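Asker: A structural model of the following input is requested.
(2 chains)
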Amino acid sequence: MYFAGIDIGSTMTKVVLTDQAGKLLSFIKGPTGAEHRQLANEVMRQALGQASLKIDDISYIVATGYGRLNVPFADRQITELSCHARGVSSLFPNARTVIDIGGQDAKCMRIENGRLVSFVMNNKCAAGTGRFLEVTAATLAIRLENMGYISLKATRKVSISNMCTIFAQQEVVALLSRGEKLENILAGLHEALASRVATLARRLGVEPDLVLTGGVAKNIGMVKAMGEILGCEILVPEEPLLTGALGAAILARETHMKAAAVGEGLSTKSRRLEKATFFSQEQ
Amino acid sequence: MSDKSTGLNKAREIYLDSSRRARELRAAGKKIIGYPCAYVPLEILTALGLVPYQTCADMKEPVTEADRALPHSFCPVMRNCLDRALKGKNDFLDGMVTTHSCDPQEKTARIWESYTHYPYFHFIDMPITIRPEALEYFKGQLNDFRKTLEAFTGQKLSADKLKTAIKSHNQQRALVRELYELTKPSPPRLSGTEILRVVKALTSLPVVEGNDLLTETISEVKKRSAGPEQKPARLLIWSSTLNDTDIMQVFEAKANVVMNESCGGVRPFRGQVKLTADPLEGLADYYLNEITCARTFRQATLGETRKDYARDLQSRFGYLKGTIKDWKINGAILLLVRYCDPFAFEMPSLQDYLKGIGIPNSYIEYDYTIGALAPMRTRVEAFVETISR
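Answerer: The predicted structure follows:
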């Protein structure tokens, strides 16, 4: 008996497969791209190949993330908030707060007994999300994955006054032309982003242990800045992009086990790895 | 589906083409008066043979023309409303009435007047508190409103005519409440989306036609066997205005919306206008005191120096408690249209109140565009997941 979680985020698509005991068998991360409807089946195929499984071997599949409605072979859709909370608490049983910063949104979640109890998300805007860093990296012509390391060399933090992604770029360009050092600008940008997300988290109330996930958690400069602003240790999973898909796989297993325990049959979708057609999963 | 002659289907048709009836009536010689907000006393219009028509915003319509007149960081509902008017979508109106129910309405009053050129325009100044002096002042404002309409129509407004109109509108309020009674069972007998269409239809029909539609819909729903399916949560939506089925369907994909506490739902219909000797007195009292919109500053007591927060919350939100209990509501969505200050400032206290009575809630802000619906869906579904285990 095997279970799958598939997380289609705005930037990355992630798949996690587990066995009957909930043990991780394989995972895949790939860019979502513009046509995520066409991609879900491909990443699932790769994950299955890695684990030497067939799609028919999977007892239950949960889809999550923005593209969760476009996975024709998923048996159930659960939001990324519940999935992240579940995934994180499986890795960090003492986690009470999760901050996930993804490509197009930032969310803060509170966990009790391994479950999501409350959350806040940023409003529709790139400020305070991974996109902010992506755009900045492009403006500065540096690699996204190097940003954090470069910022650690800063001798001072430049203050960035505007958190609008577009206006902040203008500010960065102005700072560069004034001769400000790249590492100091980056340290300032990380601090600006971290304080924006921290404000969001404080609306919900921050309680340790605090876990940071999402692509932005791979940025060491951001982890440092978040720790300084929130004044507590920031825990980061080994694969911070995967907690949503992992949570989805765990919830798939739990849904299946719960139904089996009461002798209830669960309806599942066709196990053909077909491409989704437009809006086929609505309702 | 049943045939088109049923109340629910009629409501759906009117919802999709809300100005059709107003255009027909105008062609037959009636005068149509637009209003943007539940604070305009429709009884006075009805009593003088005028047809009230609510000029709603439309989320699907990108705002372009209104940008000539209004800044971007301004109530998107009012911007959208004015935009539609400037695009000629309300060209069947003979007049427009706005009130000082909120600043965006007050600030746009002259813009409406100078950009739209309807034969009749009137602005009703509304006090922001419910103190006795405020009521006196507001009564004077309604009297002015009456005078301008008398001049416009060339008719006198007699107390009898006004009382008859009040009775018709009171009947409408009672019928809407009866309709909401049908969402009490589990699963509800009709969906939040179905009610929304009916209520929106009412705002574009003469009161008597609206009452017929309600009567027909209520008896149809009572008789039908199939209603909405049961969902894992029974929600109350608290908002300034929620009158678009696309938003309602975001909620109803995962929950039953059994109460729409907004101007597109039960809010304009909760109370009854008292039939006072001078009917304007009853109207002033109803519109100032009884409509539970965040724009009004309510104090538990007047002239006391010691303030009691719990009692203050009770006086501001107490009306929700019975509804939450009777409709077995287990979650509330507090939906805020961006830049709506009166509702934004009310949120923290309302959240305190709901916490006090043990009702989980989720606060969602959006910018009144369809682009906001996908993130809204995630928030709503996650909220339902937290309350429906």
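
Asker: Helix, strand or coil: sort out the most centrally placed residue in chain B for me.
Answerer: What sits nearest the mean C-alpha location of chain B, by C-alpha atoms, centre = their mean, is residue B:263, with 1.8 Å. Of the three states, residue B:263 takes coil according to DSSP: H, G, I helix; E, B strand; the rest coil.

Asker: how about it, what does it touch?
Answerer: Counting by C-beta atoms under 8 Å, 6 or more residues apart in numbering or on different chains, residue B:263 makes contact with B:37, B:38, B:240, B:241, B:242, B:243, B:293. (C-beta placed from N, C-alpha, C; glycine too.)

Asker: what about residue B:189, distance to residue B:213?
Answerer: 17 Å (C-beta to C-beta, to the nearest Å).

Asker: So for the two, which sits in the more crowded spot?
Answerer: Set residue B:189 next to residue B:213 and count neighbours by other C-beta atoms under 10 Å in any protein chain shown: residue B:213 wins out with 21 against 18.

Asker: Tell me the confidence at the more buried one?
Answerer: With respect to pLDDT, residue B:213 scores 98.

Asker: Can you classify it by secondary structure?
Answerer: In three-state terms, and counting by three-state DSSP, residue B:213 is helix.

Asker: Can you list the helices and strands that the one helix or strand residue B:322 maps to packs against?
Answerer: In this assignment (DSSP states H and E), residue B:322 forms part of helix B:319-326. When contacts are defined as 3 or more C-beta pairs under 8 Å, 6 or more residues apart in numbering or on different chains; DSSP states H and E, helix B:319-326 packs onto strand B:234-239, strand B:256-261.

Asker: Can you show me the CA trace of it as CSV?
Answerer: Extracted in CSV, the C-alpha atoms of helix B:319-326 (Å, rounded to 0.1, in the frame of the first residue of the first chain):
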residue,chain,number,x,y,z
TYR,B,319,-27.5,41.0,17.0
LEU,B,320,-25.3,38.2,15.6
LYS,B,321,-25.5,36.0,18.7
GLY,B,322,-29.1,34.7,18.2
THR,B,323,-28.5,34.2,14.5
ILE,B,324,-25.4,32.1,15.1
LYS,B,325,-27.2,30.0,17.6
ASP,B,326,-30.5,29.6,15.7
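
Asker: Poorly predicted segments of chain A, please.
Answerer: Applying pLDDT under 70 to chain A flags the ranges A:35-38, A:123-126, A:274-283.

Asker: Swap in 50 and give it another go.
Answerer: For chain A, the stretches with pLDDT under 50 are A:279-283.

Asker: Break it down into its domains, please.
Answerer: Following automatic domain parsing, chain A resolves into domains at A:2-83+A:242-261, A:93-235.

Asker: before we move on, what SS does residue B:166 have?
Answerer: helix.

Asker: And it, how far from residue B:44?
Answerer: Distance, residue B:166 to residue B:44, by C-beta to C-beta: 9 Å.

Asker: Touching both of those two, which residues are there?
Answerer: Contacts common to residue B:166 and residue B:44, judged by C-beta under 8 Å, 6+ apart, are residue B:283.

Asker: Identify the residues contacting the residue nearest the centre of chain A.
Answerer: Compute the mean C-alpha point of chain A, and by C-alpha atoms, centre = their mean the closest residue is residue A:214, 3.3 Å away. Neighbouring residues of residue A:214 by C-beta under 8 Å, 6+ apart: A:100, A:101, A:102, A:106, A:130, A:240, A:241.

Asker: Can you pull the phi/psi pair for the fourth one?
Answerer: Main-chain dihedrals, residue A:106, degrees, to the nearest 10: phi -120, psi 140.

Asker: I'd assumed residue A:119 was in contact with it.
Answerer: No - if you go by C-beta atoms under 8 Å, residue A:106 and residue A:119 don't touch, sitting 11.0 Å apart.

Asker: Neighbours of residue B:12, how many?
Answerer: Residues within reach of residue B:12, counting by other C-beta under 10 Å, total 18.

Asker: Assumed it was part of a helix.
Answerer: Yes - under three-state DSSP, residue B:12 sits within a helix.

Asker: The nearest residue to it once chain neighbours are set aside: which element?
Answerer: If the residues on either side of it in the chain are set aside, residue B:12 comes closest to residue B:197, at 5.3 Å by C-beta to C-beta, 6 or more residues apart in numbering or on different chains. Per DSSP H and E, residue B:197 falls inside helix B:192-202.

Asker: How about residue B:359?
Answerer: Assigned by DSSP H and E, residue B:359 falls outside every helix and strand.

Asker: what about dumping the CA coordinates of stretch A:187-205 to PDB?
Answerer: Extracted C-alpha coordinates of stretch A:187-205, given in PDB (Å, rounded to 0.1, in the frame of the first residue of the first chain):
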ATOM      1  CA  ALA A 187      21.400  42.400   3.800                       C
ATOM      2  CA  GLY A 188      19.000  45.300   3.800                       C
ATOM      3  CA  LEU A 189      16.600  43.600   1.300                       C
ATOM      4  CA  HIS A 190      16.500  40.400   3.400                       C
ATOM      5  CA  GLU A 191      15.800  42.400   6.500                       C
ATOM      6  CA  ALA A 192      13.000  44.300   4.700                       C
ATOM      7  CA  LEU A 193      11.400  41.100   3.500                       C
ATOM      8  CA  ALA A 194      11.900  39.400   6.900                       C
ATOM      9  CA  SER A 195      10.300  42.200   8.800                       C
ATOM     10  CA  ARG A 196       7.300  42.200   6.400                       C
ATOM     11  CA  VAL A 197       6.700  38.500   7.000                       C
ATOM     12  CA  ALA A 198       7.400  38.900  10.700                       C
ATOM     13  CA  THR A 199       4.600  41.500  10.900                       C
ATOM     14  CA  LEU A 200       2.300  39.000   9.300                       C
ATOM     15  CA  ALA A 201       3.300  36.300  11.700                       C
ATOM     16  CA  ARG A 202       2.800  38.600  14.800                       C
ATOM     17  CA  ARG A 203      -0.800  39.100  13.800                       C
ATOM     18  CA  LEU A 204      -1.200  35.400  14.400                       C
ATOM     19  CA  GLY A 205       1.100  35.200  17.400                       C
END
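
Asker: buried sites along that stretch?
Answerer: Within stretch A:187-205, the residues scored as buried using 16 or more other C-beta atoms under 10 Å in any protein chain shown are A:187-198, A:200-201, A:204.

Asker: Does that stretch reach chain B?
Answerer: No - residues of stretch A:187-205 are not located near chain B by C-beta under 8 Å from any C-beta of the partner chain, the shortest gap being 9.3 Å.

Asker: the helices in the stretch 51-200 of chain A, which residues?
Answerer: Ranges of helices in the stretch 51-200 of chain A, per DSSP state H, counting those that start in this stretch, are A:80-91, A:130-140, A:147-151, A:165-177, A:182-204.

Asker: Thanks a lot, see you next time.
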